[in-house]
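Visitor: please find the sequence and the predicted model below.
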Amino acid sequence: MIRTGIYNLRQFNPAALKDVFGKEKNISIEVYSQLNQVYDSQLKEGYAEIVLNRFNSSNNVIKRTYRNRFNSFDDMVIEIIQNLEISSPRIHDMAISDGRASYYFLEKIQNHFHDVEYHASDLIISYTIHKKKSESSSYIVTDDNLNIIEITVPPFVWNYARKEGKLYFLNNLLKAYFKRKFYKLIIGKQLKFRKTLPVVDYGFKSLLDKSDKNKLLNYNIFEKSHYQYNVIRAMNILHFGYFNPEQLNAVLDNVYESLLPDGILIEGSNEDVGSPVEGAVYRKTCTGFELIISSDKPSRISDIVLNYNKS
Ligand SMILES: C[S@@+](CC[C@H](N)C(=O)[O-])C[C@H]1O[C@@H](n2cnc3c(N)ncnc32)[C@H](O)[C@@H]1O
């Protein structure tokens with residue numbers, strides 16, 4: 001059995017998204033960049049969701065998040081930033097997924113402060129497409145470490161973190177063959193055309209593009225940051241569902257080091273859109289962090305943050 005993939009927006013109609021056996025076809029992440037041709041914003045969002053749900057990356061990061069996820073918490077936090085008289089905030093918003101949950105925060109920040117520098121990051125927020133020439137129809141998609149995430153050779157699309165299924169033996173053979181072939185080409189530097197493919201929400205990207213001080217970064221929270229900030233925001237990432245206390249302390253080391261004196265850490269987690277945020281805002285001190293304000297439901301990790309000791 002054989003299954004083709006979807007690599008062009010023109011193929012994107014509900015009937016074409018599954019094969020004759022009802023199995024989902026792979027969709028190239030390149031289609032995400034073609035969504036700027038869809039003008040109906042609801043349709044665009046629906047398409048984006050489908051593309052992202054079928055795009056698994058090497059460490060199985062799938063980008064799922066929601067708009068308006070913590071608006072009242074964000075309102076509280078922005079008031080704090082104003083009260084602290086941080087006139088030109090330098091902000092790092094970490095682990096933003098595709099930015100939908102950060103839209104409200106960034107829009108408000110931009111309305112309140114004229115001189116803001118905002119860095120938005122996630123483990124992988126942009127990928128690279130490599131081709132022989134710009135007009136080539138075949139390409140590979142890698143992360144920054146040249147791990148192959150996807151190969152598209154029309155009419156096929158293979159995602160290397162997704163399984164084709166045992167019955168699709170031809171797909172599996174071709175998938176392995178093209179991986180070897182493209183690996184040689186990339187190592188031999190024969191894929192000279194490169195394009196960066198940011199995988200972020202269109203609305204969020206248009207807010208970012210308002211200032212050339214804003215940046216999108218691939219950033220792992222377990223690594224040292226190259227920048228210094230006076231505000232670090234980390235939503236729905238610093239909790240025990242993801243990390244144990246030791247790992248949380250390791251992340252706090254990096255947060256502490258990349259905060260300027262008196263800089264603040266904003267962290268919180270919630271469940272469904274608009275559900276109460278269990279979060280808090282802390283200030284960097286000489287030895288660790290002190291609490292500035294807690295939301296109605298206390299942070300899940302406040303003990304860890306408040307007991308953190310810069311050693
Ligand atoms: C549950 S989502 C939260 C997204 C968004 N902040 C929100 O609140 O909806 C968690 C995000 O953390 C990212 N992530 C997981 N491990 C990470 C790491 N080590 N460094 C940076 N980001 C990471 C994932 O890629 C994912 O986008």
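Guide: Okay, I see it.
Visitor: so which bits of the chain are right by the ligand?
Guide: For the chain, the contact set with the ligand under C-beta under 6 Å from any ligand atom comprises 61, 63, 65, 69, 95-97, 101, 122-123, 220-222, 235-237. For glycine as for every other residue, the C-beta is placed from the backbone atoms N, C-alpha and C.
Visitor: by neighbour count, which of those wins?
Guide: Highest neighbour count within those: residue 96, with 30 neighbours (other C-beta atoms under 10 Å).
Visitor: what's near enough to touch that residue?
Guide: 65, 102, 120-122, 125, 200 (C-beta atoms under 8 Å, 6 or more residues apart in numbering).
Visitor: from the residues you listed, pick the one nearest residue 310.
Guide: residue 121 (22.5 Å; C-beta to C-beta).
Visitor: contacts only, for the closest one.
Guide: Neighbours of residue 121 in contact, by C-beta under 8 Å, 6+ apart: 92-96, 216-219.
Visitor: most centrally placed residue in this protein?
Guide: Per C-alpha atoms, centre = their mean, the C-alpha nearest to the average position across the chain is that of residue 97, at 2.9 Å.
Visitor: domains of this structure?
Guide: Here the domain parsing of the chain from automatic domain parsing is 9-55+127-196, 71-125+200-307.
Visitor: of these, flag the one that's most buried.
Guide: domain 71-125+200-307 (a mean of 18; mean count of other C-beta atoms under 10 Å).
Visitor: quick one: mean pLDDT over that domain.
Guide: Mean pLDDT, computed over domain 71-125+200-307, is 95.
Visitor: so which of the contacts of residue 96 are in strands?
Guide: Judged by DSSP state E, the contacts of residue 96 include 120-122 as members of strands.
Visitor: show me the contact partners of the longest strand anywhere in the chain.
Guide: The longest strand of the chain (DSSP E) is strand 259-269. With C-beta under 8 Å, 6+ apart as the test, strand 259-269 has contacts from 70, 73, 77, 80-81, 84, 90, 228-239, 241, 255, 277-284, 289, 292, 295, 299-301, 305.
Visitor: residue contacts, the closest residue to residue 185 other than its chain neighbours?
Guide: Of all residues not flanking residue 185 in the chain, residue 191 sits nearest, at 5.3 Å (C-beta to C-beta, 6 or more residues apart in numbering). Applying C-beta under 8 Å, 6+ apart, we find residue 191 in contact with 130-132, 139-140, 182, 185.
Visitor: so residue 195 bridges to which residues?
Guide: Legend: beta-bridge partners of residue 195 under DSSP bridges are residue 129.
Visitor: ends of stretch 138-154, what's the gap?
Guide: 7 Å (C-alpha to C-alpha, to the nearest Å).
Visitor: just how off-centre is that stretch within its chain?
Guide: Stretch 138-154 sits 18 Å away from the centroid of its parent chain (C-alpha atoms, centre = their mean, to the nearest Å).
Visitor: ok so, going back, with respect to residue 53, which of the contacts of residue 121 is nearest?
Guide: For these, the nearest to residue 53 is residue 96 (17.7 Å; C-beta to C-beta).
Visitor: pretty sure the closest one is in a strand, no?
Guide: No. Using DSSP: H, G, I helix; E, B strand; the rest coil, the assignment for residue 96 is coil, not a strand.
Visitor: go through this structure and flag its longest helix.
Guide: Ranked by number of residues, the top helix in the chain under DSSP state H is helix 169-187.
Visitor: show me the contact partners of that one.
Guide: Helix 169-187 is contacted from outside by 1-3, 130, 132, 140, 142, 146, 148, 151, 153, 156, 158, 160, 164, 166, 191, using C-beta under 8 Å, 6+ apart.
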